[in-house]
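Novice: For reference, the sequence and a predicted model appear below.
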Amino acid sequence: MEERITRRQFREKLNEILFNFEEPVLGYEQRCNEADNFLKSRYQQIIDNKIIGRMQATSLDEIRHHAQGVKLQSLRDLGIKNLFQLDQQSAQLRNVPGIGEISASKILMALKVFKRPMESDLRISADPSEWSKDELDYLRIAQMSMLLSQTKNENQFKEISELIAQSRNLINTSSFFSWIREKNRREMIQFRSSLLQYFPDQKLHELYSYLKSVCEKSNELNGNEVTNINSFLENWRFKSAEVLSFLDSRTIQTQVAKKTYIGDEASVPILLAQQISDFQVDLSGFKALPRRYQLFGIKFVLVAKKVILGDEMGLGKTIQALGVAQHLKNIDSHFHGLVIAPLAVLDNWRSETNRFTNIETFVLYGKDKKNKTEEWINRGGLAITNFESLAALKEEMNYKFDLVVVDEAHMIKNLGAQRSINSRNHLEDADFSLLMTGTPLENRGEEFVNLISLVKAGVAHSLWNLFGDVNYAYRNASKFRQMVGGIYLRRNRRDVLKELPALVMADEFVAFPEANRGEYESCIRAGNLMGARRALSIGSISTSPKMAKLAEIIESCRAEGHKVLVFSYFKEVLQNAASVVGNTIPIDGEISHVSRQQAIEKFQKTSGFAALVMQIDVGGVGLNLQEASTVVIMEPQFTPGKESQAIGRAYRMDQTRKVMVHRLIVVDGADQRINTALGAKERIAQLLAGTSELSDKTSEAVNEKSILNEERARLGLAS
């Protein structure tokens, strides 16, 4: 039966809805637009101010490097001392006595070069202590804009927008002449009835309360009161990654020329790059906003299918792998993914998967791993296991998976090892295979190509055929870069996380430990370099200069409330260091999985000073410990990747403070020789793995035998 209602009654409820909802929503959307416009203009203003500051700090004499033959005395006579003052007078240059047409043109061309944005001009640090007032305002408004955008994507806000649109449409179509037509009137009344049934008074009240709360929150965020600014600063450490990801996804990047390297995005073949650009990734249900480079990485894996992701530590390789898994789950609800990782990071994979995806997780470790495997095969989801458990599940794992991920893949670089053989079988059978490692090259380029062979055997054979001994591939790095561009992707922190605070590396040279001289020389004579290295570090504060230096660092951090990571290869050094730190247990390969996780969680949750003392092979991989801002390396490592991995536990995405790294080195001994060799090896690693100039011709690094021989010669010891 047709509802009998007058036009006035018909419009009255709709006008009430519009009165309650339309103006607040329009105001909210206006605030969104204002925030967007503010961000665009303020970012450019920040860049302009940095360029001005740089030019004010640049002496007039610098113009000679770009404008040769120009006489500057006439400019000095006008009181021009720096490039900013010169730029201010640029329109009058041709009228300055002694500056002719040619010189003026040279100067103007040089000024254009100086006024181009540099990397430092584009960088806004994640460290609040480095912010200008403009940068503080910019980031505070960025957080507000992010929250406003997130709210607009909430279901309740979308419902309100739909309610307003439908109500406004009914008001606009219910004109007098339309109303008097019976058919039109009947359709409008029926549509209104359906609308109000979907939005009864109780739901309208709930939506109004929600909208009121949203508007009040946005007003609070928009305030300039000191309390709001202080609140923003207090919460910055927890919100920084999210805010910076939001900015990264919206800011049009100003391009700055930079050098290419092996594995960078510019190395990706043109056809593959176009396919990546065109690929539509489905991240529905994914609870993280990927950075621009992370989205490229996700699509790179999905398009190329079998690849190595070698991003530097701290760039979110796990997020990218989970983005791949989420896409595959979205297109196939019975998705089966397998993550193979060291035992120490299984919990991290489980928690990150639960945090960022809607994929069910199964940790295949412990007594019930076989039952868990059967449950996973039946239900689908993401299984997470370690190398040792994988070997024990050979029969249960007889299955073709959609995705196989190997984390810390440098651990399977030895192709003859059982863990490598077990991993290879699953990598070959999977539709998508992903090796993840921040250090694809450790001692030799051959090991890097071994990893390549696990995902694309044909490319590895081509490299072996072309180079023979691939340890010397750096001699034709451009060719190497071209050949691996379709399967290897590596981005560096300095290129994609420009906001990272400063990283300060300090080599702390200490005296030789006389108490251990006899043990040290005996080890050198016997060819025991590991024992000699250990002898340089062990002892108490009174007998070991390294322990005394560690105590000094710890006391300073304790006074300032900083968190510290202490790394050593040697267990006895860890015990000594734990005694110096106090109230901590060393994390080494023998500590139980539960005790390790408890120690890490205690460190993360403690307010103020805390310290973790860890064996570098155990704690130096796979952990997110950006709460720390000080890292101590008790002895230089013989493998460069170990130190960079350890430092990367703290110096990574989400870090909002300057990170200080103390490398403790005994003068006149094996420490100092290893430190020299480490520098050479690091240059080779950078060349092949992606951070060095391609023209570098560094020779092969010094090995352990040469260090022992040099020390024997220095000490006058017979071998």
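Specialist: Great, that's in hand. Numbers count the residues shown, from 1 in each chain.
Novice: for residue 531, helix, strand, or coil?
Specialist: Following DSSP: H, G, I helix; E, B strand; the rest coil, we place residue 531 in the helix state.
Novice: Could you say which helix or strand holds residue 589?
Specialist: Assessed by DSSP states H and E, residue 589 sits outside every helix and strand.
Novice: ok, how many other residues are close to the closest residue to it other than its chain neighbours?
Specialist: Spatial nearest neighbour of residue 589, chain neighbours left out: residue 618 (5.3 Å); criterion: CB to CB, 6 or more residues apart in numbering. Any C-beta I mention is one placed from the backbone N, CA and C, and that applies to glycine too. A count of nearby residues for residue 618, using other CB atoms under 10 Å, gives 21.
Novice: One more: residue 716?
Specialist: Using other CB under 10 Å, residue 716 is surrounded by 7 other residues.
Novice: for residue 72, same thing?
Specialist: Applying other CB under 10 Å, I find that residue 72 has 18 neighbouring residues.
Novice: On the pLDDT front, check it for me.
Specialist: At residue 72, the model reports a pLDDT of 84.
Novice: That one contacts residue 59, doesn't it?
Specialist: No - Residue 72 lies out of contact with residue 59 (CB atoms under 8 Å); the separation is 10.1 Å.
Novice: Strands along the protein, start to end?
Specialist: Assigned by DSSP state E, the chain shows strands spanning 306-309, 336-340, 361-364, 381-385, 403-407, 432-436, 488-489, 503-510, 563-568, 610-615, 630-633, 659-666.
Novice: low pLDDT regions in the stretch 351-500 of the chain?
Specialist: 439-444, 474 (pLDDT under 70).
Novice: ok, the residue nearest to residue 589 - contacts?
Specialist: By CB atoms under 8 Å, 6 or more residues apart in numbering, residue 618 lies in contact with 344, 587-589.
Novice: mind checking how far the residue lying closest to residue 501 once chain neighbours are set aside is from residue 629?
Specialist: Closest residue in space to residue 501, ignoring its immediate chain neighbours: residue 127 at 3.7 Å, by CB to CB, 6+ apart. Distance of residue 127 to residue 629, computed by CB to CB, to the nearest Å: 10 Å.
Novice: And residue 512, by the same measure?
Specialist: 30 Å.
Novice: Next: residue 543.
Specialist: 29 Å.
Novice: Leaving out chain neighbours, which residue sits closest to residue 36?
Specialist: Per CB to CB, 6+ apart, closest to residue 36 is residue 145, 6.3 Å.
Novice: what's around residue 371, how many residues?
Specialist: 12.
Novice: Map the structural domains onto the sequence of this protein.
Specialist: 7-50+125-250, 57-118, 265-495, 501-715 (automatic domain parsing).
Novice: residues near residue 454, how many?
Specialist: 22.
Novice: Residue 118: which of the strands of the chain is closest?
Specialist: The closest of the strands of the chain to residue 118 is strand 503-510. By CB to CB, the value is 18.9 Å.
Novice: Find residues that contact each of residue 127 and residue 629.
Specialist: The contact lists of residue 127 and residue 629 share 657-658, where a contact means CB under 8 Å, 6+ apart.
Novice: Just want to know which of these two has more residues nearby.
Specialist: Taking other CB under 10 Å, residue 127 and residue 629 do not tie; residue 629 has more neighbours (22 against 19).
Novice: which residues touch the more buried one?
Specialist: Residue 629 touches 562-563, 650, 655, 657-660, counting by CB under 8 Å, 6+ apart.
Novice: If we ignore the residues flanking it in sequence, what's nearest it?
Specialist: residue 657 is the one closest to residue 629 (CB to CB, 6+ apart), at 4.3 Å.
Novice: how close does the one you found sit to residue 120?
Specialist: For residue 657, the distance to residue 120 - CB to CB - is 19 Å.
Novice: who's more crowded, the two?
Specialist: Neighbour count, other CB under 10 Å: between residue 657 and residue 120, residue 657 has more, with 20 against 11.
Novice: Would you mind listing the residues in contact with the closest residue to residue 373 other than its chain neighbours?
Specialist: What sits nearest to residue 373 in space, not counting adjacent residues and going by CB to CB, 6+ apart, is residue 396, at 4.3 Å. Contacts for residue 396 (CB under 8 Å, 6+ apart) come out as 370, 373-374, 377.
Novice: and if we set it to 10 Å?
Specialist: Listed by CB atoms under 10 Å, 6 or more residues apart in numbering, the contact partners of residue 396 are 364, 369-374, 376-377.
Novice: And these, which two are furthest apart?
Specialist: Checking those with CB to CB, the most distant pair is 369 and 377, at 12.6 Å.
Novice: burial count for residue 660?
Specialist: Neighbour tally, residue 660, other CB under 10 Å: 21.
Novice: which residues touch it?
Specialist: Residue 660 neighbours (CB under 10 Å, 6+ apart): 502-506, 553, 556-557, 562, 564, 628-632, 650.
Novice: ok, of those residues, which come out buried?
Specialist: 503, 553, 557, 562, 564, 628-632, 650 (16 or more other CB atoms under 10 Å).
Novice: returning to that earlier point: overlap in contacts, residue 369 and residue 377.
Specialist: With CB under 10 Å, 6+ apart as the test, residue 369 and residue 377 both reach 362, 383, 396.
Novice: Please identify which of the residues you listed is nearest to residue 639.
Specialist: residue 383 (30.5 Å).
Novice: Show me what that closest one bridges to in the sheet.
Specialist: residue 338, residue 362 (DSSP bridges).
Novice: Start the count at 587 instead of 1 going forward.
Specialist: Yes, from this point I'll number from 587; that puts the last item at residue 969.
Novice: ok, it to residue 963 distance?
Specialist: Applying CB to CB to residue 969 and residue 963 gives a distance of 9 Å.
Novice: Give me the below-cutoff pLDDT ranges for the stretch 587-736 of the chain.
Specialist: 587-589.
Novice: Please, where are all the helices along it?
Specialist: 593-642, 659-663, 669-674, 687-700, 705-708, 719-738 (DSSP state H, counting those that start in this stretch).
Novice: any chance of the buried ones among the contacts of residue 1246 in TSV, with pLDDT and distance to residue 943 too?
Specialist: Listed next are the buried ones among the contacts of residue 1246 as TSV, based on pLDDT from 0 to 100; distance: CB to CB, whole Å:
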residue	pLDDT	distance to residue 943
1089	82	31
1139	94	39
1143	92	36
1148	93	33
1150	96	33
1214	93	27
1215	92	30
1216	94	33
1217	95	31
1218	96	35
1236	89	26
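Novice: how about those residues in CSV, adding distance to residue 802?
Specialist: Converted to CSV, those look like this (distance: CB to CB, whole Å):
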residue, distance to residue 802
1089, 41
1139, 47
1143, 41
1148, 37
1150, 42
1214, 37
1215, 36
1216, 41
1217, 43
1218, 47
1236, 38
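Novice: tell me which of these is nearest to residue 976?
Specialist: residue 1236 (29.8 Å).
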